[in-house]
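J.: Compute the structure for the input listed below.
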Amino acid sequence: MIALLIFLQEKTCSWFSGSKDDNNMDSNCAFADILRRIYSRDIQQAVARELGLQSGNDQSPERHMLLRAIAMAEASRKALRGVDFMTQLMFSAAARSAGFTHACHALGLSPQALSAPQRAAIDACMAQRFIQAARRRASPVAPWRAQQWLLAELMAVYAQIPDAH
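T.: Numbering: from 1, shown residues only. Got it, this is the predicted structure:
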């Protein structure tokens, strides 16, 4: 990331391009690789496609193009976080969401049997799963996956309730 920031401070990016014989990578390909490492492959591919950052192009990308690429990648990352936020709300136990109620009924359990602290604990566990998915670059989380997680969390909580069996 530091090299990328230094790179962006330069007026031109010609120093970024190296001999293809040296590292078998042109500057567009190298920049795309940096984007992939910082963001995700899907974001990197979308940005490269949108801005025409094609490998094999002998011209180094210009600074304004790189800044635009980074802005696009950041906007994409924020949008994906927003999708995950909405998915978390769809399956929130604390909010007694429709997804939570449906998951309880699917397991033959009563949503009312859980206390507010138990529901908050379920949401905290779900939040950790979303964080882990983001770290693995598996965002956005599909609703069916979030529902699976919620079902697993519900079973774990209900297993600890003496009268729930």
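J.: Specify the residue ranges that define each domain of this structure.
T.: 2-77, 91-160 (automatic domain parsing).
J.: Now mean neighbour count and distance to D84 too, for the ones you listed, in JSON lines please.
T.: For glycine as for every other residue, the C-beta is placed from the backbone atoms N, C-alpha and C. Below are the domains of the chain laid out as JSON lines (neighbours: other Cβ atoms under 10 Å; distance: least, Cβ to Cβ, whole Å):
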{"stretch": "domain 2-77", "mean neighbour count": "15", "distance to D84": "11"}
{"stretch": "domain 91-160", "mean neighbour count": "16", "distance to D84": "5"}
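J.: Among the ones you listed, show the one with the smallest mean pLDDT.
T.: Least confident of those, judged by mean pLDDT, is domain 2-77 with a mean of 66.
J.: would you list every one of the helices in the chain?
T.: Under the criterion DSSP state H, the chain contains helices at 2-9, 20-23, 27-38, 41-51, 63-90, 98-106, 116-135, 143-159.
J.: Just list the residues touching the residue sitting nearest the centre point of the chain, thanks.
T.: For the chain, the residue nearest the mean C-alpha position is S139 (3.2 Å; Cα atoms, centre = their mean). By Cβ atoms under 8 Å, 6 or more residues apart in numbering, the contact set of S139 is S40, L80, R81, V83, D84, F130, A133.
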